[in-house]
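Student: Fold the following, please.
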Amino acid sequence: MTTHDYSPSHSPITRIPHGTPPVSSLSRRSFIKLSATAALGVCATSALAACGPAAPGVTPVAGSGSSSSAGGSVLGDGKTLRVGMEAAYAPFNWQATEASDTTIPIQNVAGAYADGYDVQFAKVIAKALGMEPVAVKMSFSGLIDSLNNGQIDIILAGMSATDERRQAIDFSDPYFIGHFGLLVKKGSRFEGATELSDFAGSAVLGQKDTLLDSVIDEIPNVTHLTPVDSVPSQISQLTQGTCDAITYNTENTDGFLKANPGLVAIQFEDGRGFSQVVPVNAGLAKGKPEVLKRVNDAIAAVPEEERTSMFDAVIARQPA
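Tutor: Predicted coordinates:
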């Protein structure tokens, strides 16, 4: 749905002031699944959100979703903030087995907890709203429908705001900005590539419903393969040799290479890689302007230095 051409240990977290318009280069997460009008119902947005099954064990709450009559001032029951995420997209979110000061419980998975960069901002936002955060684990493609159906109150899942997604839901200001890159197998004929044009004629694989898929079209004369459902599936296909390269978020380069020593991250020359950037935003149901303002205020109150420290700590403890 995602990264920069920078090392995670020195990841500059670009801070965008409250109220700043969306990044101009947004087009469709990679994070990718990125966001016609409020009158559009859930059925009409299914093509945009790539409808997925409802999260097991989660019941809609009265007053949630875009049809809320709460006047836009309350999320859910006003007490428990149900945060939608995959809990399988490190370093932004992943599932943990033990509680700690960096985790929140996963409501629909007994004895499980969520950690990651999204989770740290879930804590920040929940505190600002006077609520207690819990994660709701579900597929990335089901998040927008679940939000509009009232099964979750907010999305914090490495999701990027796009014009498409904004037709279905509202988004906060970014709390992270990253970049895209390409991974290949060691020994690949593309290992020494230095610009996107070197991948002309190659077969490249992305993740379904995310920017990791749509960004592939920046590569000239590429064979754009049918995307798969997850980053682990991308890596599996690459290691099996069914594609030449996969897209990934560069902020987690060290993590990917540590877990997959047989892969190589392409080192693009300046200005020769992907041009599209990856903003990460919180998603809210439409019709909640007061809550959206409080969420943006909470995000803006986190200094850049704290964001960088937070992200570096997440990189250090993410699962291998």
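
Student: who does the longest strand along the chain touch, helix- and strand-wise?
Tutor: Longest strand of the chain, by residue count under DSSP state E: strand 176-185. Counting contacts by 3 or more CB pairs under 8 Å, 6 or more residues apart in numbering; DSSP states H and E, strand 176-185 packs against helix 231-240, strand 245-249, strand 263-265, strand 277-280. Quick note: C-beta positions are derived from backbone N, CA and C, even for glycine.

Student: Now do the helices in the protein.
Tutor: In the chain, the helices defined using DSSP state H lie at 42-49, 117-129, 143-148, 211-214, 231-240, 253-259, 289-300, 304-317.

Student: I'd like the ones you listed written out as JSON lines, with mean neighbour count, distance to residue 202 and mean pLDDT added.
Tutor: Formatted as JSON lines, these follow (neighbours: other CB atoms under 10 Å; distance: least, CB to CB, whole Å; pLDDT from 0 to 100):
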{"stretch": "helix 42-49", "mean neighbour count": "17", "distance to residue 202": "29", "mean pLDDT": "35"}
{"stretch": "helix 117-129", "mean neighbour count": "22", "distance to residue 202": "31", "mean pLDDT": "98"}
{"stretch": "helix 143-148", "mean neighbour count": "26", "distance to residue 202": "31", "mean pLDDT": "97"}
{"stretch": "helix 211-214", "mean neighbour count": "28", "distance to residue 202": "15", "mean pLDDT": "93"}
{"stretch": "helix 231-240", "mean neighbour count": "18", "distance to residue 202": "12", "mean pLDDT": "95"}
{"stretch": "helix 253-259", "mean neighbour count": "17", "distance to residue 202": "19", "mean pLDDT": "86"}
{"stretch": "helix 289-300", "mean neighbour count": "19", "distance to residue 202": "38", "mean pLDDT": "97"}
{"stretch": "helix 304-317", "mean neighbour count": "16", "distance to residue 202": "29", "mean pLDDT": "92"}
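
Student: Which among the ones you listed is found nearest to residue 97?
Tutor: helix 304-317 (13.3 Å; CB to CB).

Student: In space, what's closest to the residue nearest the centre of the chain - neighbours in sequence excluded?
Tutor: Closest residue to the average C-alpha location of the chain: residue 158 at 1.6 Å, with CA atoms, centre = their mean. Using CB to CB, 6 or more residues apart in numbering and skipping the chain neighbours, the partner closest in space to residue 158 is residue 92 (3.8 Å).

Student: Tell me who's in contact with that neighbour.
Tutor: 31, 85, 116, 117, 118, 157, 158, 280 (CB atoms under 8 Å, 6 or more residues apart in numbering).

Student: Now flag whichever of these is closest to residue 176.
Tutor: Nearest to residue 176, judged by CB to CB, of the contacts of residue 92 is residue 280 at 4.0 Å.
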